[in-house]
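Enquirer: Requesting a structural model of the entry that follows:
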Amino acid sequence: MAVFFDRSALRARRITGALVLFAIASLILACCSGSITISVTELGRAAWELLNDVPVQSMNATLLHLRLLRGLSAFVTGATLALAGVLMQALLRNPLADPYVLGISGGAAVGALLAMLFFCAAWMVDLSAFVGAVGVAGLLFALAYKDFKGSGSSNGSAPLLLLTGVIVASGCGAVISLILSLAPDSRLRSMVFWMIGDLSGTEARAIPWIILAGVLLCVCRMARALNVVALHSDMASTLGISVGRLRKIVFFCAALLTASAVSNAGSIGFVGLIMPHACRFFWGSDHRLLLPAATLAGGSFLVIADTLARTVVSPLQLPVGVITAIIGVPLFLLQLHQLHKLPK
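Expert: Numbering: from 1, shown residues only. Modelled structure (predicted):
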């Protein structure tokens, strides 16, 4: 038994280490790529200029600074969405759940579009999106409170929360349509880009990283309990696991992650759906590995997608949500096809 756990831990460290290296490689690719390409040698010189705070910096150093900040913003957004997707799928016991399934992104969209409609500053748009997402999460918790007080057995703990989220999302969709119909033509383009998901206007912030790190540490400590609930939900309470408390924590963590990601870059689709599935397909459903693996893979995926959005029709830039959808749809269909072929 001890040998098994040692091998399992070694495998997890190897996979995590490989994903860390892949994340670094994706950031290097993002820094090198663009309408003006920077070679690896030039990238090293530009990094030296930035680290030594050279008074007169080259154009490569300026480009490196801008691309690195955007790449880091893409990474934290993708990592946040992927981690939220894992938690939502564990919470709802539904493999099709993603960070937006409960309508939290709809609340963020209402807040952001209202701020855009009234010509608010960029930081107020982000704040309004965060407040809208948190507000919808609080509403969902209040409406489905009995669901969270339950034991979380497989006899119906998730449906009330899921149905409540679908109805709230529909209401938010109606409000969004109303806002778009009232918006002046000068604001429609920025509103549509925000709703699709766009990283061109993001800024380097510490708060998304703090939220991601805090939630990841919290849920990794509950990974064993998540494994038990996922496999034996009816017996979890008899094994000493407080299922109701666990579900509350997972819900609030997932809601906070979704609010952070959406307020940072808009509604970027498919990252929170396909990355947990891909990691589960390759490395299994053990949350002790799945949580960090999906976080790293999701961040790297969005960095690569944003790099494509900046370069595929350069010098024009596409919304990154378009790229994630173009990649995500066939990738998800391939995953479903491969899973269907597996022996029962």
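Enquirer: Next, give phi and psi for residue 94.
Expert: Phi and psi for residue 94, reported as degrees, to the nearest 10, are phi -140, psi 120.
Enquirer: how close does it get to residue 206?
Expert: According to Cβ to Cβ, to the nearest Å, residue 94 stands 33 Å off from residue 206. For the C-beta atoms, the positions are set from N, CA and C on the backbone; glycine is no exception.
Enquirer: what does residue 310 give?
Expert: Where residue 206 is concerned, residue 310 sits at a distance of 24 Å (Cβ to Cβ).
Enquirer: Give me the more crowded residue out of the two.
Expert: Taking neighbours as other Cβ atoms under 10 Å, residue 310 and residue 206 compare with residue 310 leading, 23 against 8.
Enquirer: Tell me the helix or strand right after the strand or helix carrying that one.
Expert: In this structure, residue 310 is located in helix 287-311 according to DSSP states H and E. The helix or strand immediately downstream of helix 287-311 is helix 320-341, counting by DSSP H and E.
Enquirer: Tell me the helices and strands packed up against that next one.
Expert: Applying 3 or more Cβ pairs under 8 Å, 6 or more residues apart in numbering; DSSP states H and E, we find helix 320-341 packed against helix 271-283, helix 287-311.
Enquirer: Please identify the buried residues of the shortest one?
Expert: The neighbour-count check on helix 271-283 (16 or more other Cβ atoms under 10 Å) flags 271-280, 283 as buried.
Enquirer: What of the longest one?
Expert: Of the residues in helix 287-311, those with enough neighbours to count as buried (16+ other Cβ under 10 Å) are 287-311.
Enquirer: what's the distance between residue 195 and residue 267?
Expert: Residue 195 is 6 Å from residue 267, by Cβ to Cβ.
Enquirer: neighbour count winner among the two?
Expert: residue 267 (22 against 18).
Enquirer: helix, strand or coil for the more buried one?
Expert: Following DSSP: H, G, I helix; E, B strand; the rest coil, the label given to residue 267 is coil.
Enquirer: And for it, nearest residue in space, chain neighbours not counted?
Expert: residue 105 (4.9 Å; Cβ to Cβ, 6 or more residues apart in numbering).
Enquirer: what stretches of the stretch 1-150 of the chain score poorly on pLDDT?
Expert: 1-6, 145-150 (pLDDT under 70).
Enquirer: again, 80 this time
Expert: 1-8, 53-57, 94-96, 120-122, 144-150 (pLDDT under 80).
Enquirer: can you give me the strands in it?
Expert: Assigned strands in the stretch 1-150 of the chain: none (criterion: DSSP state E, counting those that start in this stretch).
Enquirer: where do the helices sit along the stretch 51-200 of the chain?
Expert: In the stretch 51-200 of the chain, the helices defined using DSSP state H, counting those that start in this stretch lie at 59-92, 104-117, 122-143, 145-149, 159-182, 185-196.
Enquirer: Now distance to residue 50 too, for the ones you listed, in JSON lines please.
Expert: Below are those laid out as JSON lines (distance: least, Cβ to Cβ, whole Å):
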{"stretch": "helix 59-92", "distance to residue 50": "6"}
{"stretch": "helix 104-117", "distance to residue 50": "32"}
{"stretch": "helix 122-143", "distance to residue 50": "25"}
{"stretch": "helix 145-149", "distance to residue 50": "48"}
{"stretch": "helix 159-182", "distance to residue 50": "41"}
{"stretch": "helix 185-196", "distance to residue 50": "29"}
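Enquirer: just so I know, which of the ones you listed lies nearest residue 45?
Expert: Across the helices of the stretch 51-200 of the chain, residue 45 has its closest neighbour in helix 59-92 (6.9 Å, Cβ to Cβ).
Enquirer: Could you check the angle the closest one makes with helix 104-117?
Expert: Orientation check (axes from the mean of the first three to the mean of the last three Cα atoms, to 10 degrees): helix 59-92 against helix 104-117 gives 140 degrees.
Enquirer: Find out how far helix 59-92 is from the centre of the chain, if you would.
Expert: 8 Å (Cα atoms, centre = their mean, to the nearest Å).
Enquirer: Check stretch 278-291 too.
Expert: With Cα atoms, centre = their mean, you get 16 Å for stretch 278-291.
Enquirer: So for that stretch, mean pLDDT?
Expert: Averaging pLDDT along stretch 278-291 gives 90.
Enquirer: Show me what it is in contact with.
Expert: 8, 11-12, 15-16, 83, 86, 90, 216, 219-220, 223-224, 226-227, 230, 276, 293-294, 297, 331, 335, 338-339 (Cβ atoms under 8 Å, 6 or more residues apart in numbering).
Enquirer: what residue ranges in the stretch 201-344 of the chain score low on pLDDT?
Expert: Within the stretch 201-344 of the chain, the stretches with pLDDT under 80 are 201-204, 229-244, 314-315, 332, 334-344.
Enquirer: Recalculate using a threshold of 70.
Expert: Within the stretch 201-344 of the chain, the stretches with pLDDT under 70 are 232-239, 338-344.
Enquirer: How far off centre is stretch 97-116?
Expert: With Cα atoms, centre = their mean as the basis, stretch 97-116 stands 13 Å off its chain's centre.
Enquirer: got the CA coordinates for that stretch in CSV?
Expert: Output in CSV follows, covering the C-alpha atoms of stretch 97-116 (Å, rounded to 0.1, in the frame of the first residue of the first chain):
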residue,chain,number,x,y,z
ALA,A,97,-21.3,21.7,-15.9
ASP,A,98,-19.1,24.7,-16.5
PRO,A,99,-18.4,28.0,-14.6
TYR,A,100,-21.3,29.7,-16.4
VAL,A,101,-24.0,27.0,-15.9
LEU,A,102,-25.6,28.7,-12.8
GLY,A,103,-26.0,32.1,-14.4
ILE,A,104,-23.2,33.8,-12.4
SER,A,105,-21.6,35.1,-15.6
GLY,A,106,-25.0,36.5,-16.5
GLY,A,107,-25.0,38.6,-13.4
ALA,A,108,-21.5,39.8,-14.2
ALA,A,109,-22.6,40.7,-17.8
VAL,A,110,-25.6,42.7,-16.5
GLY,A,111,-23.3,44.7,-14.1
ALA,A,112,-20.6,45.3,-16.8
LEU,A,113,-23.0,46.2,-19.6
LEU,A,114,-24.9,48.7,-17.3
ALA,A,115,-21.5,50.3,-16.4
MET,A,116,-20.7,50.5,-20.2
